[in-house]
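# sequence unknown, structure follows:
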């Protein structure tokens, strides 16, 4: 379960596209932030995803990813071309609870789209072609209490000028292009009759399954394929349809004057009353916000990731693509990608934050002081990065090679 957001001009400041996601997962799951360099691959190679091997491509882009330690795929991330993708689970009439057939999972599609797509539309085409070829299913977490947790997927795919919402049901899919304003997704299908692209057999499948017939009127994807998931106890605020509407309301309110920005998305992801910041059987285990500058701009995009649970008690740390960036080992678990190893998967930042998070949540004077220190660290990062980007030229790239690593190391020191 997750919430994903995008804001585009004229809703945003500076003509930027702002992407954001809270990844809501089982409370014991750890997410690591990893950098994956671009790579050239020999013809005929196979690529091992989480459960399934697929054909490798000749070239893959460099990536920054937030991913469960056990999964090859990612919950969210960005690539060097300013493409961002985040997914969320949806339950459809074609989804069988406990479907353990090991195909591609949602996280695999996120990473594959980022590795291979140099635009939002390009990533959309890559994901849908792989979906149609390989299908989707398989265990979507390691925690035993969620061992039957399988689902289909919804995605927001954004670049520096547009975004696409992609929603799936089995190997069928529908997509909606977003060129202005705000859009968000939660754990319920949200594409209705505005369908800008779809799988070839979508309408036929809906008719054959008895989900829709022409005499019903215009085809409505969400109405035809939506199904409820009864495997989790949710409050009213936590229900997908209510989070979807609450998220939309937050985005519209903060973008009304055309000033939606990095801090606006932080505010959305930290909203507790709407359960966008999720606390329950699952929790928000990691978050990402990306500022995608206009294609006409020479200013690079910036990506802000927590690598720790609860955005209200976490620091968003900046990453900017540059030649040979170094993110350090503080957010790396040491578990091989795609491994099903179940030993302690906590990276150093996670372990240190775990102690600090307990203090901050208790609200003691010591915890309050630590929370203020973390907020000060984040505010300083925002000011420094904005100043750096305002006067950017390529000769300044060496200044940010260690940017993410330096902030992670500083955060760890404050927890000691």
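Received it, and whenever you're ready, just let me know what you need. This is a predicted model, so every value here is computed, not measured. Numbering: from 1, shown residues only.
# from here on, contacts and neighbour counts on C-alpha atoms
Noted.
# just checking, residue 175 is part of a helix?
No: assessed with DSSP: H, G, I helix; E, B strand; the rest coil, residue 175 is strand; it does not lie in a helix.
# can you give me the helices in the chain?
Using DSSP state H, the helices of the chain run over 106-116, 120-134, 202-208, 221-225, 240-255, 262-269, 348-362, 365-390, 403-415.
# Out of these, the one nearest residue 18 is which?
helix 262-269 (6.9 Å; C-alpha to C-alpha).
# for residue 47, which residues make a bridge with it?
residue 54 (DSSP bridges).
# ok, it - contacts?
By C-alpha atoms under 8 Å, 6 or more residues apart in numbering, residue 47 lies in contact with 53-56.
# Please look at residue 326 and residue 400 and confirm they touch.
No: Residue 326 is not in contact with residue 400 according to C-alpha atoms under 8 Å; the separation is 9.1 Å.
# Between those two, point out the one with more neighbours.
Using other C-alpha atoms under 10 Å as the criterion, residue 326 and residue 400 rank with residue 400 on top: 20 against 16.
# Tell me how far that one lies from residue 153.
Distance, residue 400 to residue 153, using C-alpha to C-alpha, to the nearest Å: 35 Å.
# re the thing from before, which of the contacts of residue 47 are buried?
54, 56 (16 or more other C-alpha atoms under 10 Å).
# what stretches of the chain score poorly on pLDDT?
Low-confidence segments of the chain (pLDDT under 70): 97-100, 143-149, 230, 336-342.
# Let me know the outermost residue of it.
Centroid-distance maximum for the chain: residue 215 at 38.0 Å, with C-alpha atoms, centre = their mean.
# circling back: name the nearest of the contacts of residue 47 relative to residue 352.
residue 53 (35.5 Å).
# So for that closest one, what's the nearest residue that isn't a sequence neighbour?
Distance criterion C-alpha to C-alpha, 6 or more residues apart in numbering; nearest residue to residue 53, sequence neighbours excluded, is residue 47 at 5.3 Å.
# Likewise for residue 48?
Computed as C-alpha to C-alpha, 6+ apart, the closest residue to residue 48 that is not its neighbour in sequence is residue 54, at 6.6 Å.
# residues touching the one you found, list them.
46-48.
# Quickly note the distance from it to residue 193.
Distance from residue 54 to residue 193, by C-alpha to C-alpha: 33 Å.
# just residue 19 next, same as before
24 Å.
# What of residue 80?
Separation of residue 80 from residue 193 (C-alpha to C-alpha): 33 Å.
# Looking at those two, which one has more neighbours?
Shown here are residue 80 and residue 193; by other C-alpha under 10 Å, residue 80 has more neighbours (20 against 14).
# My guess is the more buried one contacts residue 63. True?
Yes: when contacts are counted by C-alpha under 8 Å, residue 80 is listed as touching residue 63 (6.4 Å).
# What segments of the stretch 1-150 of the chain are strands?
2-8, 17-25, 31-36, 39-40, 46-48, 53-55, 59-60, 63-68, 76-79, 84-90 (DSSP state E, counting those that start in this stretch).
# Contact partners for the closest residue in space to residue 80 that isn't next to it in sequence?
Excluding the flanking residues, the one nearest residue 80 by C-alpha to C-alpha, 6+ apart is residue 62, at 5.6 Å. Going by C-alpha under 8 Å, 6+ apart, residue 62 touches 35-39, 79-80, 115.
# Now list the buried members of the residues you listed.
Using 16+ other C-alpha under 10 Å, the buried members of the contacts of residue 62 are 35, 37, 79-80, 115.
# In this model residue 67 seems to touch residue 78, though I could be wrong.
No: between residue 78 and residue 67 there is no contact, the gap being 11.9 Å when judged by C-alpha under 8 Å.
# More neighbours: those two, which one.
Using other C-alpha under 10 Å, the more surrounded residue of residue 78 and residue 67 is residue 78, with 34 against 24.
# quick one, what contacts the nearest residue to that one once chain neighbours are set aside?
Spatial nearest neighbour of residue 78, chain neighbours left out: residue 84 (4.3 Å); criterion: C-alpha to C-alpha, 6+ apart. Going by C-alpha under 8 Å, 6+ apart, residue 84 touches 19, 76-78, 114, 120, 157-159, 290.
# could you flag which of those are buried?
Buried among those by 16+ other C-alpha under 10 Å: 19, 76-78, 114, 120, 157-159, 290.
# Residue 254 is in contact with residue 264, correct?
Yes: contact criterion C-alpha under 8 Å: residue 264 and residue 254 qualify, at 6.6 Å.
# State the distance from residue 356 to residue 79.
31 Å.
# oh sorry, the question was meant for residue 390
For residue 390 relative to residue 79 (C-alpha to C-alpha), the value is 21 Å.
# Residue 295 now?
14 Å.
# one step back: would TSV of the contacts of residue 47 with distance to residue 1 be doable?
Putting these into TSV (distance: C-alpha to C-alpha, whole Å) gives the following:
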residue	distance to residue 1
53	26
54	26
55	29
56	29
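# Isn't residue 139 up against residue 150?
Yes: with contacts defined as C-alpha under 8 Å, residue 139 counts as touching residue 150 at a distance of 5.8 Å.
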